[in-house]
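Asks: next comes the sequence, and after it the predicted model I'd like to discuss.
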Amino acid sequence: MNKSTHLKIKGMHCTGCEETIENAIVGLPGVQKVKADYVKQTVDVEFNSKLIGDAGIRLAIEEKGYEFEGAATSPLGNLRSAFIFLLFLLVVGGITVWGKSMIPGLVGEMSPNLGHAMLSSIGFFTGFHCIGMCGGFVVGYASVGGPQSVASTATRHLMYATGKTASYAAIGGTLGLLGSVVTFTPYMRGVISIAASIFVIIYGLKMLDVFSALRGFTLRLPHFVTKGVANELRDQRNPLVIGLLNGFMLGCGPLQAMYITAAGTGSPQEGATMLFFFGLGTLIPLMSFGLIASSVPRRILRQLVLASAVLVIAMGLMMADRGLKLTGSGYDFNSLTSPSQQLRPVNGPAHGPRDKPANNYLESSASGNTMR
């Protein structure tokens, strides 16, 4: 007997979650059709009730770390989740503060492009969401053939890492080449950096799921493309090929932002380098998950994703600050938030101290452009 069910889901962060849920259900016996919708946070399933029931479908979704709207939660469970979230926020935030003090490239201001450490940091925090989106593929290739030796497992992870990083770098280089047909001034680079930062900030807010209206702000490839890539990934067990295909999974906001910024560099080399370091950053949490997947509950991973979302937003703000400086407007977050920067003597010099850093910044940029 054919039946259908309409489920309201909690915990979907991007369009990649649609593929994750659909792939978890479509292979179940008796399931005839499944359609997940990230914007509406719903899943519609048609199935043969003689072969599978509603409970089996719900269980498959829950095993992927998602919850159902209206599900009862105990006060103790909510308190435990809040504690885990704060703990992860302190840990991840501490890593960020340490990185800012130990790695000048993370907050360096003398380059027209994002520092390599910042790119890797954005990738690192994004990587916790990659666990939900790509973690199943990692577990899939890592578990082929049963238990493996440490050397064999490490080789498979290395092949996946090579494929994913190469895919990101190749696409970044291609976009940089396409952008080279346009002459980018420092001002245009700044505008592109600000636009990319908006993508990153919105992605972080979507991860937190605080504004449901933001779900509609999503860039999508044609459905047949994403479906084709997802189907190929589901059937693929070669870690190198899986890594190469990951570059085409564009549901990730920061990845979209990096691709936009790569085009804005107007250089194949710079575009490839940007995506190379971003890809490296995503590998750290994803590879760690591949090693400890069986021992980490999905609900704990969800709290880690939420904590990472806060840091993704912080990184987006840092990108916006860089963009403001690159425009040469003389404004950045310090000048906009500091009262001492906003109140100037009337009879002061024509070009006050606030303008000087922006001029120095442009004078030291790689483009060689100066403002006098």
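Replies: Structure's in. What do you need? Residues are numbered from 1 along each chain as shown.

Asks: other SSEs contacting the strand ranked longest in the chain?
Replies: Counting residues, the longest strand in the chain under DSSP state E turns out to be strand 2-10. The helices and strands touching strand 2-10, judged by 3 or more C-beta pairs under 8 Å, 6 or more residues apart in numbering; DSSP states H and E, are strand 42-48, helix 54-62, strand 67-68. Quick note: C-beta positions are derived from backbone N, CA and C, even for glycine.

Asks: which of these sits most buried?
Replies: With neighbours defined as mean count of other C-beta atoms under 10 Å, the helices and strands packed on strand 2-10 peak in mean count at strand 42-48, which reaches a mean of 19.

Asks: what pLDDT, on average, does that strand get?
Replies: For strand 42-48, the mean pLDDT works out to 93.

Asks: to Thr162, which of the helices and strands packed on strand 2-10 lies closest?
Replies: For Thr162, the closest of those is helix 54-62, at 31.6 Å, according to C-beta to C-beta.

Asks: who touches that closest one?
Replies: Contact with helix 54-62 is made by Thr5, Leu7, Ile9, Ile21, Ala24, Ile25, Leu28, Val31, Val43, Val45, Phe47, Phe68, as judged by C-beta atoms under 8 Å, 6 or more residues apart in numbering.

Asks: what's near enough to touch the last one?
Replies: Residues near Phe68 by C-beta under 8 Å, 6+ apart: Leu7, Lys8, Ile9, Lys10, Arg58, Ile61, Glu62.

Asks: quick one: the last one and Pro186, what's the gap?
Replies: Put plainly, it is Glu62. Counting by C-beta to C-beta, to the nearest Å, the separation of Glu62 from Pro186 is 50 Å.

Asks: next: Ser329.
Replies: Taking C-beta to C-beta, one finds Ser329 at 11 Å from Pro186.

Asks: the longest strand of the chain pairs with which strands?
Replies: Under the criterion DSSP bridges, strand 2-10 sits next to strand 42-48 (antiparallel), strand 67-68 (antiparallel) in its sheet.

Asks: now those as TSV including distance to Ile313?
Replies: Formatted as TSV, the strands paired with strand 2-10 follow (distance: least, C-beta to C-beta, whole Å):
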stretch	distance to Ile313
strand 42-48	26
strand 67-68	23
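
Asks: show me which of the contacts of helix 54-62 is closest to Phe211.
Replies: Closest approach to Phe211 among these (C-beta to C-beta): Ile9, at 17.3 Å.

Asks: how near is that closest one to Val45?
Replies: Going from Ile9 to Val45 by C-beta to C-beta gives 12 Å.

Asks: what do you get for Ala309?
Replies: Plainly put, Ala309 is 28 Å away from Val45 if you go by C-beta to C-beta.

Asks: do Met159 as well
Replies: 35 Å.

Asks: do the same with Phe83
Replies: Relative to Val45, Phe83 is positioned 34 Å away (C-beta to C-beta).

Asks: which residues of the stretch 151-300 of the chain fall in helices?
Replies: Under the criterion DSSP state H, counting those that start in this stretch, helices of the stretch 151-300 of the chain are mapped to 186-208, 223-235, 239-246, 253-265, 268-292, 298-326.

Asks: deepest-packed of those, please.
Replies: Buried most deeply of the helices of the stretch 151-300 of the chain, by mean count of other C-beta under 10 Å, is helix 253-265, with a mean of 26.

Asks: ok, back up a step: need the contacts of helix 54-62 in TSV (columns: distance to Met118).
Replies: As requested, those are exported to TSV (distance: C-beta to C-beta, whole Å):
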residue	distance to Met118
Thr5	45
Leu7	39
Ile9	33
Ile21	32
Ala24	34
Ile25	38
Leu28	42
Val31	43
Val43	36
Val45	42
Phe47	47
Phe68	38
